[in-house]
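# Provided below are the primary sequence and the corresponding predicted coordinates.
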Amino acid sequence: MAGCPERRNAIPGGGSVIFVDTNVYFYAHDANLPAKQAACRAWLLELGRQRLGRTNLQVANEFTEVILRKRRDIASDVVFGMADQIMMWGSSPISVETVRLARRIRGNTAYSWWDCLLLASAIELGCTHFLSEDLQDGQVIDTLTIVDPFAHSPEQILISR
């Protein structure tokens, strides 16, 4: 595994707070990619155990839209139940302040607008890390460090509670 991204904004006496991107939830449900599924499930289990995972409505809605569109074999009620589980980790909406911060992030990075909104939300939620395979592992944006879930185990990143 690659070197661990530096821990930033750690919570004294606690641990890192990790914003979970949509792709982590996709892989956790994708039996066609067993290694990625296992890695993402390990992350979600540990974050849930330590109560350190966060997300927002955008993630739950992206997950719902893609699963409904690509996995017609899964009943809508089941997909909505999966989204409800994601929302247990956070359901904050996008605010005007989130948009302003996302614009600043977009001005400093080449990330998509949707990723910038998620990064801004993670910062507003006080997260220390952003778990995603889609962004540059180890990059620091404001107080947030990007972590690739396939390059690091939860134990490498999380501060023991």
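Good, I have the coordinates. Just so it is clear, the model here is predicted, and its values are computed rather than measured.
# only C-alpha atoms for contact and neighbour calcs from this point on.
Noted.
# Okay, and the beta partners of the residue nearest the centre of the chain?
With distances taken as Cα atoms, centre = their mean, V20 lies nearest the centre of the chain, 1.5 Å away. Judged by DSSP bridges, the bridge partners of V20 are L131.
# So it versus H129, what's the distance?
9 Å (Cα to Cα, to the nearest Å).
# got it, and G81?
For G81, the distance to H129 - Cα to Cα - is 26 Å.
# who has more neighbours, those two?
Higher neighbour count among G81 and H129: H129, with 32 against 13, using other Cα atoms under 10 Å.
# Let me know whether P154 touches L45 as I believe.
No. Counting by Cα atoms under 8 Å, P154 does not reach L45; the two are 9.5 Å apart.
# if you count what's nearby, which of the two comes out ahead?
Shown here are P154 and L45; by other Cα under 10 Å, P154 has more neighbours (18 against 14).
# Secondary structure element holding the residue nearest to that one when sequence neighbours are not counted?
Distance criterion Cα to Cα, 6 or more residues apart in numbering; nearest residue to P154, sequence neighbours excluded, is W43 at 5.6 Å. Counting by DSSP states H and E, the element that carries W43 is helix 34-50.
# helices or strands up against that helix?
Using 3 or more Cα pairs under 8 Å, 6 or more residues apart in numbering; DSSP states H and E, the elements in contact with helix 34-50 are helix 22-28, helix 154-157.
# Just the helices from the protein, written as ranges.
22-28, 34-50, 57-70, 76-87, 96-108, 113-124, 154-157 (DSSP state H).
# By mean pLDDT, show me the worst of these.
Lowest mean pLDDT of the helices of the chain: helix 154-157, a mean of 91.
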